[in-house]
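need a structure here:
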Amino acid sequence: MSGYGFTLAVCAEMVFREQPLEERVRTIHDLGFAVEIWDWTTKDLGALAATGAHFTSMTGYVAGNLTDREGADTLLRTAEQSIAAAEVLGTPNLNLHGTGLDGNGLPVEPVEAVTPAMWDHAVGTLTRVARLGEREGVVFCLENLNTAVDHPGTPFATAADTRALVRAVDSAHLRMNLDLYHAQIGEGNLIQLIRDSVDDVGEVQVADVPGRCEPGTGEVNYPAIARALHEVGYAGVVGLEAWASTDSHTALHRFRQAFTEAA
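Numbers count the residues shown, from 1 in each chain. Down below sits the predicted model:
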């Protein structure tokens, strides 16, 4: 926990990369952070669970999309598989995107523009996801992405879109993963975005801009972001999903500093 009451988590995919994943998880845990991972299908989940780490987020589907029947059925089927996998790690939140992404973070089926029919289908698919989450006692989080740098062609990418979809479904089992790195690139005005979105947020993720490294390496005033989150009453997970600008120990130290209340 930070002085603000946030649970500080670190994405094991992006730091201590010279170590095997299990060792990264143990190192992050030993430094006092919770842990996040991406694709669970490539992991030895039993070995990760044996580290004793607290896992807060993992990818909540393997394939599929929100906008057509076949893609939605695939997404729901692999979401069920993800729920079973999450149980091994203590049932962390299950992360979703606007569509399936490949190994480079690019949409498997890129979209130039979202049509009204696609929007309606996405609401229907996410309603099914939320019902699944309610039945199984898990929370899915729909993450905003940026299309300018990292994820061109991804539908429903903005924080405004993810918030609108979450509100349309209106379930405690579908929340936003408010990624402030992506939002700074795509939308900016982060403190107002936090104020507008806090009631819909299940997790916050951070990295600085440009470069997607730890807080303090770019243009985002993350101590001010931390204060804003605290002021609106957010006390959940803040996850570092960032590359280390120099070494990983320094990156985690800077992250903790940015999100720990000053004395």
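
Buried residues in stretch 246-261, which are they?
Neighbour counts over stretch 246-261 (16 or more other CB atoms under 10 Å) mark 248, 251-252, 254-260 as buried. C-beta: built from backbone N, CA, C; applies to glycine.

which one among these gets closest to Arg167?
For these, the minimum distance to Arg167 (CB to CB) is 26.6 Å, reached by Phe259.

quick one: contacts for the closest one?
Contacts for Phe259 (CB atoms under 8 Å, 6 or more residues apart in numbering) come out as 2, 4, 6, 8, 215, 222, 226, 238.

With adjacent residues omitted, what lies nearest to the third one?
By the measure of CB to CB, 6 or more residues apart in numbering, the closest residue to Phe6 outside its immediate chain neighbours is Val238, 4.6 Å from it.

hang on, the earlier thing: just name the closest of the buried residues of stretch 246-261 to Ser197, please.
Minimum distance to Ser197 across the buried residues of stretch 246-261 is 17.7 Å, recorded for Phe259 (CB to CB).

Let me know the distance separating the closest one from Ser82.
28 Å (CB to CB, to the nearest Å).

before we move on, back to that, ok, of the contacts of Phe259, which come out buried?
Buried among those (16+ other CB under 10 Å): 2, 4, 6, 8, 215, 222, 226, 238.

Can you lay out the residues you listed as a markdown table showing distance to Ala148?
Shown next, in a markdown table, are those (distance: CB to CB, whole Å):
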| residue | distance to Ala148 |
| --- | --- |
| Ser2 | 30 |
| Tyr4 | 30 |
| Phe6 | 28 |
| Leu8 | 28 |
| Pro215 | 21 |
| Tyr222 | 21 |
| Ala226 | 25 |
| Val238 | 24 |
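
Quick check: helices, which of these are part of them?
Under the assignment DSSP state H, those contribute 222, 226 to helices.

can you put the buried ones among the contacts of Phe259 in CSV and add distance to Thr91 and pLDDT?
CSV is the format used below for those (distance: CB to CB, whole Å; pLDDT from 0 to 100):
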residue, distance to Thr91, pLDDT
Ser2, 23, 64
Tyr4, 24, 91
Phe6, 20, 97
Leu8, 19, 98
Pro215, 28, 98
Tyr222, 28, 97
Ala226, 27, 97
Val238, 19, 98
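
For the buried ones among the contacts of Phe259, which two are the farthest from each other?
Tyr4 and Pro215 (13.9 Å).

which SS state does the closest residue to Gly124 other than its chain neighbours fall under?
Among residues not flanking Gly124 along the chain, Ala72 sits closest, at 7.5 Å (CB to CB, 6+ apart). With DSSP: H, G, I helix; E, B strand; the rest coil as the basis, Ala72 sits in helix.

Now do the contacts for Ala72.
So Ala72 contacts 64-66, 121, 124-125, 128 (CB under 8 Å, 6+ apart).
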